[in-house]
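>>> Sharing a model prediction with you, sequence too.
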Amino acid sequence: MPTSTTIADESTAPSPFAQLTLFAKNFFKHPKMLGSVVPSSRFLIDRLLNQVDWAEADVIVEYGPGVGTFTREILRRMRPDARLLVLETNPDFVRHLRSSITDPRLDLYAGSAADVQQVLQERSLGGADYVIAGIPFSTLPGEVRSDILQVTHDVLQPGGAFLVYQFSPKVTSHLRREFSSVQRGFELLNVPPAQVYYCAP
């Protein structure tokens, strides 16, 4: 269940129109890296994040936060003493996140999800309770996709979970090779409709 925090909301989110414009601009620049022309819907956010045990989550990782649609909601639900590490390769999104979210629980790394283990170690965060990802695994080079899935499996704490949303089901077989349990769902109320996966090590 979502929990309220005692930390004041320090996010200064730009208007929805400004975020949509930035997202759409980057979709047309890098369509294979985003997969959608608009950010995720509230329905998709809730479907994925309702799987998180917020009372127990100490360290959460997000791959490819984009304009921060999931990021802001994760911060809203997190405990005051929890940490959120986000990894983003797109310089436009990195600048946007750094200028619009000042929550001290957020740690933004400008680099690949494949670096997650190294970054967690450098920050003395240990493993992750949850990793949340919407990066388009189906369009990544095979070696990069395999590296990210393997390292994600390795950084999850016992009882942790990898929560994934995708616009193609092609990642299913790759997830099942890497994770012992993969549950699959579908969110129709999103543009485009999304596959959702709940994976345990």
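Yep, it's here.

>>> Name the helix or strand of this structure that has the lowest mean pLDDT.
Lowest on mean pLDDT, DSSP states H and E among the helices and strands of the chain sits helix 31-34, with a mean of 46.

>>> Can you identify the element that follows it toward the C-terminus?
helix 42-49 (DSSP states H and E).

>>> what are the pairing partners of the next helix or strand along the chain from that following helix, and which direction each?
Next along the chain after helix 42-49, taking DSSP H and E as the criterion, comes strand 59-63. Here strand 59-63 has these sheet partners by DSSP bridges: strand 83-88 (parallel), strand 128-133 (parallel).

>>> Deepest in the core, which of these is it.
strand 128-133 (a mean of 25; mean count of other Cβ atoms under 10 Å). (Each C-beta comes from the backbone N, C-alpha and C, glycine too.)

>>> next structured bit after it?
Per DSSP H and E, the first helix or strand lying C-terminal to strand 128-133 is helix 142-155.

>>> now the angle from that next one to strand 59-63?
170 degrees (axes from the mean of the first three to the mean of the last three Cα atoms, to 10 degrees).

>>> How about Gln183, nearest residue that isn't a chain neighbour?
Excluding the flanking residues, the one nearest Gln183 by Cβ to Cβ, 6 or more residues apart in numbering is Tyr198, at 4.4 Å.

>>> looking at the strands paired with strand 59-63, which is closest to Leu48?
Of all the strands paired with strand 59-63, strand 128-133 sits nearest to Leu48, with 6.7 Å by Cβ to Cβ.
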